[in-house]
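In: Test case, fold it:
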Amino acid sequence: MRLFFLICLILYTTKGSINPSVDQKSQRGEFHDEGKFIVDYEDSSANLTDYASRRSSDDDKMNLEDHKRHEEPPRSDEVDETEDSSDISEERERDSVDHQHLKSLTAIKPEKHQPVAGVINSAFNDRKTFSCPRTKLELLTGTSVGDISPEDITIIAAMGDALATGIGLWPNADIEFRGASFPIGGDSTIDGLITIPNILREFSPKIVGVSHGMGADLPDHQLNVAQTGATTKDLYKQAVELTRRVKKLTEVDYKNEWIMIIITIGTEELCTHCDGPSYDHIKKAIVHLQIEIPKALVVLLGPVHVSSFHEQKSNLLKNRCQCSRDQTEGFMYDISRKWTRVWKDIQKYVETGVTARSTFGMISYPMVTITSRYPNGLFIKDKPLLNRRGHNYATKWLWNRLIGGDLYNLSSATLSQDNYFCPSVGCPYFRTYANHRGCPIRTYEEAKNTDLIMRGGVVVKKGDHGRFEIVEEPQKKLEEAQKEEQKALLTRQNTRAQSELATTPSGIQLAPMSVGRHKSFLGTISESNPDV
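Out: Below you'll find the model as predicted:
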């Protein structure tokens, strides 16, 4: 009997983990939403195409080969001796993850009522699990920065520094791998390379401007004008070059399409100068983009802030910058405040400045905030730049912030455990300042009306320049009273006109003419009796 139970125990522990058709050395596993343990494979690709297509999930364990090539050795308290050296999943067990940061973003059943802006009812990890609903089939989108859906983005562009050039992402080579950088890279698909353009392709396959391959001299139709080592003072020149390339596009009419411009700036500048950014140079670049590009959503990203999950205020970038290595933690905090202040001022200018308009918006994040239990494993060795795994994390962080907005609580988010969000059912757009207070959802039929009533009882009125303004309740009542007064005035005018017609001499008739531009009826005297 004991022998029987021993055999059953062995069969149970090995069930599902053995695939006779696969070399056991190449096996690794990952948990998916269905809770099923599946087998995935890793190859040692040697060429560009295979490398970009390689399945490198950010949910996997750090492997020894990557560790030797890119990362600094983790501290002794960061090493789990019980784990093998499969590929990267460095975080906690899925069942032990604290999802408190998703209180208002929790997946729910469609029939269950939830606050408008707080429903994330689906997510994805790869093309197989991608099932985000198509918004544009039923809703009118892309009329302003307040209702831009991922499906509205036709053109993608990048400005900034090494985070956009992808330098160091190719193993053992100090070259720019622009096709793999998280803001603009388009090599492979989300099954092999997670980048913002590759996610957007799942919503709209024909994305223009994506970067491919390696090197600094790429064709003009690839709208990546970032430069390794660039600072905020270089942004205006990049903006000029970008608009030149955009205007040369032949695949699409840039004047009628939405372009997303992701600017990554500050990581190298902070490490070189240990100071804040140049507000004037950033503003000059943004104003140029506002003038030259009709429909744009700019995503402005500051320096990276990589920290341990348990010490989130401590930026590990400090020890990788020569000018800050010997400084205190307070030194880095003061610099971060400078970047935050400038980012807020730039955001305010875009929203309220003299060049502000409804078809040009900005989403600004002073820091690219990434937390991890093994944060040193996200850097290229001896450099302040993110490695391939770091770019995966940056993609997930940025995408979920764009979709979830401020509700994506970074202090509790565990990037390796989170999925990629589908747009909220309550606000299926990129979360911008224009839909922060209210998020109007309009079908094509409802869009014919000028006034919209939202779920929360807030009325959103279409403005004179295509904007949507929240109309408070007192203002709504005032407008209704004015309409009633206009109706009464029109009734009195019609009554007076009819009484005047009744007293007109019989020999003279008033003949109505065509309606003028002010919708007023004109009349002429017709001589029905020539003898009069």
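In: need the contact list for C321.
Out: Applying C-beta atoms under 8 Å, 6 or more residues apart in numbering to C321 gives the contacts 270-272, 274, 384. Any C-beta I mention is one placed from the backbone N, CA and C, and that applies to glycine too.
In: One more: M362?
Out: M362 touches 286, 297-300, 346-347, 350-351, 432, counting by C-beta under 8 Å, 6+ apart.
In: Which ones among these map onto strands?
Out: Judged by DSSP state E, the subset of the contacts of M362 located in strands is 297-300.
In: tell me, how many neighbours does the residue lying closest to D345 once chain neighbours are set aside end up with?
Out: Closest residue to D345 apart from its sequence neighbours, by C-beta to C-beta, 6 or more residues apart in numbering: Y279 at 6.0 Å. By the measure other C-beta atoms under 10 Å, the count of residues near Y279 is 16.
In: again, but for the one 5 residues further on
Out: Counted by other C-beta under 10 Å, the residues lying close to K284 total 14.
In: That one: what secondary structure?
Out: In three-state terms, and counting by DSSP: H, G, I helix; E, B strand; the rest coil, K284 is helix.
In: how near is it to T231?
Out: Distance, K284 to T231, by C-beta to C-beta, to the nearest Å: 14 Å.
In: So if we follow the domain assignment, how does this protein break up?
Out: Domain ranges of the chain: 137-404+432-439, 473-527, per automatic domain parsing.
In: re the thing from before, need the ones in strands among the contacts of M362 in TSV with pLDDT and neighbour count, can you?
Out: Output for the ones in strands among the contacts of M362, formatted as TSV (pLDDT from 0 to 100; neighbours: other C-beta atoms under 10 Å):
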residue	pLDDT	neighbour count
L297	98	21
V298	98	24
V299	98	21
L300	98	25
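In: quick one, what contacts L317?
Out: 267, 270-271, 303-306, 324, 332, 384.
In: Which secondary structure state is assigned to it?
Out: Assignment for L317 (three-state DSSP): helix.
In: how near is it to V299?
Out: Distance of L317 to V299, given as C-beta to C-beta: 20 Å.
In: Equivalent analysis for P171, please.
Out: Applying C-beta to C-beta, the value for P171 to V299 is 28 Å.
In: what's the burial count for the residue nearest to H305 when sequence neighbours are not counted?
Out: Distance criterion C-beta to C-beta, 6+ apart; nearest residue to H305, sequence neighbours excluded, is M367 at 4.1 Å. By the criterion of other C-beta under 10 Å, M367 has 20 neighbours.
In: re earlier: the residue nearest to D345 reaches V342, doesn't it?
Out: Yes: using C-beta atoms under 8 Å, Y279 is in contact with V342, at 4.9 Å.
In: Enumerate every residue touching the residue nearest to D345.
Out: Applying C-beta under 8 Å, 6+ apart to Y279 gives the contacts 342, 345-346.
In: Looking at those residues, which is nearest A158?
Out: Of all the contacts of Y279, A158 sits closest to I346, with 17.7 Å by C-beta to C-beta.
In: How is I263 assigned, secondary-structure-wise?
Out: strand.
In: For it, which residues count as its bridge partners?
Out: Under DSSP bridges, the beta-bridge partners of I263 are M159, L300.
In: so where's this protein shaky on pLDDT?
Out: The chain contains residues with pLDDT under 70 at 1-119, 409-414, 447-478, 493-532.
In: run the last query once more with 80
Out: 1-121, 172, 309-310, 406-417, 444-532 (pLDDT under 80).
In: on that earlier part again, how about CSV for the contacts of L317, with distance to F360, secondary structure and neighbour count added?
Out: Shown next, in CSV, are these (distance: C-beta to C-beta, whole Å; DSSP: H, G, I helix; E, B strand; the rest coil; neighbours: other C-beta atoms under 10 Å):
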residue, distance to F360, secondary structure, neighbour count
T267, 26, helix, 26
L270, 27, helix, 28
C271, 31, helix, 20
P303, 25, coil, 27
V304, 27, strand, 27
H305, 28, strand, 23
V306, 31, strand, 26
S324, 35, coil, 20
M332, 33, helix, 23
P384, 32, coil, 23
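In: Tell me the one of those nearest D418?
Out: V306 (16.5 Å).
In: mind checking the end-to-end distance for stretch 367-386?
Out: 14 Å (C-alpha to C-alpha, to the nearest Å).
In: CSV for the contacts of L317, including distance to R178?
Out: Output for the contacts of L317, formatted as CSV (distance: C-beta to C-beta, whole Å):
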residue, distance to R178
T267, 16
L270, 22
C271, 21
P303, 20
V304, 18
H305, 24
V306, 22
S324, 28
M332, 29
P384, 19
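In: Nearest to S358, out of these: which one, please.
Out: P303 (30.4 Å).
In: Contacts only, for the closest one.
Out: P303 touches 266-267, 269-270, 317, 339, 367-368, counting by C-beta under 8 Å, 6+ apart.
In: Next: Y333.
Out: K313.
In: Which helix or which strand is home to the closest residue in space to R388 that isn't next to it in sequence?
Out: Nearest residue to R388 in three dimensions, chain neighbours excluded: L169, at 5.4 Å (C-beta to C-beta, 6+ apart). According to DSSP states H and E, L169 maps onto no helix or strand at all.
In: where exactly do the helices run in the protein?
Out: According to DSSP state H, the chain carries its helices in the segments 2-14, 48-53, 64-69, 162-165, 196-203, 235-247, 267-273, 279-292, 329-352, 388-404, 473-502.
In: what's the most buried one of those helices?
Out: Of all those, helix 162-165 has the most neighbours on average by mean count of other C-beta atoms under 10 Å, namely a mean of 28.
In: What is the neighbour count of the closest residue to L163 other than its chain neighbours?
Out: Excluding the flanking residues, the one nearest L163 by C-beta to C-beta, 6+ apart is T264, at 3.8 Å. Residues lying near T264 (other C-beta under 10 Å) number 29.
In: Pull the contacting residues for T264.
Out: Neighbouring residues of T264 by C-beta under 8 Å, 6+ apart: 158-161, 163-164, 183, 226, 301, 368.
In: Any buried residues in stretch 170-187, and which?
Out: Buried residues in stretch 170-187, counted by 16 or more other C-beta atoms under 10 Å: 170, 176-187.
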